[in-house]
Structures are given as structure tokens and as C-alpha cells.
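Novice: Sequence plus the predicted model coming up.
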Amino acid sequence: MKKTTLCLLALQFLMFPILNAQSAQPDFMRSIGKIYVVVAVIVAVFLGLVLFLIYLDKRLTKLENQINQHD
């Protein structure tokens with residue numbers, strides 16, 4: 001129990017400076033207007049992955065149907 005508590009306490013002290021440093025970043029990104037570029041790139045990548053998975057699913061379904069018809 002002591003070891004777990006000690007680990008959690010150490011993790012908290014290690015994470016505190018990281019969380020403090022991260023709080024300044026969004027303000028900087030918002031202030032120069034680049035946050036919208038970052039969001040747009042993330043959305044574009046996500047949509048690309050979704051569209052690719054839909055395409056891949058249709059293609060696999062087509063191949064599965066061809067295999068089932070051949071048997």
C-alpha cells in the first residue's frame with residue numbers, strides 16, 4: 001500500500017510541471033491563429049482515414065462475395 005501511494009505521489013509531482021507548461025501552449029496557438037490550422041489538419045487526416053476504411057471495407061466485401069460465389 002505504501003509503495004502504491006508513493007508511486008502515485010511521485011507521479012503527481014512529475015506531472016505537475018508538465019501540466020503547467022502545457023497551459024501556456026494553447027494560449028500561444030490561439031493568439032497567433034494557428035490552432036485552426038492544426039484542427040483542420042487533424043480533421044483532414046481523420047476524414048482521410050475514415051474514407052480509406054470505407055473504401056477498404058467495400059473492396060473486401062466485394063472479394064468475399066466473389067469467393068463465396070466461386071465455392
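Specialist: Looks like it arrived, so ask away.

Novice: Check which helices and strands whichever strand or helix holds residue 69 sits against.
Specialist: Taking DSSP states H and E as the definition, residue 69 sits inside helix 35-70. With contacts taken as 3 or more C-beta pairs under 8 Å, 6 or more residues apart in numbering; DSSP states H and E, helix 35-70 sits against helix 2-32. Yep, even glycine has a C-beta here, placed from its N, CA and C like the rest.

Novice: just for the protein, where's the confidence low?
Specialist: Judged by pLDDT under 70, the chain has its weakly predicted residues at 1-11, 13-26, 29.

Novice: how does this structure divide into domains?
Specialist: If you go by automatic domain parsing, the domain ranges for the chain are 1-32, 34-71.

Novice: Return the set of buried residues in the last one.
Specialist: The reference is to domain 34-71. By 16 or more other C-beta atoms under 10 Å, domain 34-71 has no buried positions at all.
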